[in-house]
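S.K.: structure, please.
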Amino acid sequence: MHRANAKNNESLSKERNALGWTAAVYGIYAGMLGVEHGFFETLQGNRAPAHVRIFAASWELPFPFGHEPAMTLIPNYMATGIAAMLCGLAICVWSSRFMRGKRGAAVLALLSVVLLLVGGGFGPISLLIVSCIAASCIGMPLKKRQSLSPFGLVHALARAWPWILLASLLWVPLEFAFGQFFHLQNDHRQSLSNLNLLLSYPMLCLFVLTLASSLAQEAERQSFSKNAKGGG
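M.R.: As a prediction, this is how the structure comes out:
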């Protein structure tokens, strides 16, 4: 009975670990952004875009990259928008229900490519890359690096995971709120100092930190589980 309970607890731990939550939450978030891009594309009606690279929104929203840059291989805004919304919904469903399976990361990667090619936008791709990496690491043995342990870096990252994840999810809504308040005008200069890019750099750093902290938490969980088994 004790072994059965321990096995069930270990199974639950694997299902609810930081890597699983990171993969699922980022996947759902990216899917929702894909649906949002698709909605704006359908508003542009039954007409053909001039180029493969498009703006999902026909007007600029008051936040960085508010014209919602995207690309599509479908020569029609309406069809592109419908395809993007369907693919975005598929990503949401897959991320919420099937991400922890053996093919979780592989199917998500395939859906990510499809979303990119049917107008889902460039923004969601950074989320989906992190989600795919996190999903592929679920269940893999991770070694806690002893070189970092004396400085408490692994432990600090592991403890900070939920707060870093929350900050990364709030970054875009906060950008939108500040853009509304300060009447942000998008910067179209083609340079690394472009205002849109400058405001996006911290967000990308938060995505990377979220992945690193979820890996650190999983390494600590596995280390604790191994020590507990050794002690038992």
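
S.K.: heading C-terminal from the helix or strand where Ser96 lies, find the next helix or strand.
M.R.: Applying DSSP states H and E as the criterion places Ser96 in helix 77-97. Per DSSP H and E, the first helix or strand lying C-terminal to helix 77-97 is helix 104-117.

S.K.: neighbouring contacts of that next one?
M.R.: When contacts are defined by CB atoms under 8 Å, 6 or more residues apart in numbering, helix 104-117 is touched by residues 23, 27, 30-31, 34, 71-73, 84, 87-88, 90-91, 94-95, 98-99, 121-122, 124-125, 128-129, 131-133, 135-136, 138. Glycine gets a C-beta too; all of them are placed from N, C-alpha and C.

S.K.: just how off-centre is that helix within its chain?
M.R.: 12 Å (CA atoms, centre = their mean, to the nearest Å).

S.K.: what of stretch 205-225?
M.R.: The answer for stretch 205-225 is 15 Å, by CA atoms, centre = their mean.

S.K.: worst mean pLDDT across the helices and strands of the chain, which element?
M.R.: Each helix and strand of the chain was given a mean pLDDT (mean pLDDT, DSSP states H and E); the minimum falls on helix 2-15 at a mean of 42.

S.K.: would you mind listing the buried residues in the helix ranked longest in the chain?
M.R.: Using DSSP state H, we find that the single longest helix of the chain is helix 195-231. Using 16 or more other CB atoms under 10 Å as the test for burial, helix 195-231 gives 196, 199-200, 203, 206-207, 209-222.

S.K.: try stretch 88-103
M.R.: Neighbour-count burial for stretch 88-103 [16+ other CB under 10 Å]: Gly88, Ala90, Ile91, Cys92, Trp94, Ser95, Met99, Arg100.

S.K.: how far does stretch 204-223 sit from its chain's centre?
M.R.: Remark: stretch 204-223 is offset 14 Å from the chain centroid, using CA atoms, centre = their mean.

S.K.: for the residue nearest the centre of the chain, list the residues it contacts.
M.R.: Nearest residue to the geometric centre of the chain (CA atoms, centre = their mean): Leu127, 2.6 Å. Counting by CB under 8 Å, 6+ apart, Leu127 makes contact with Tyr26, Gly27, Tyr29, Ala30, Leu33, Phe207.
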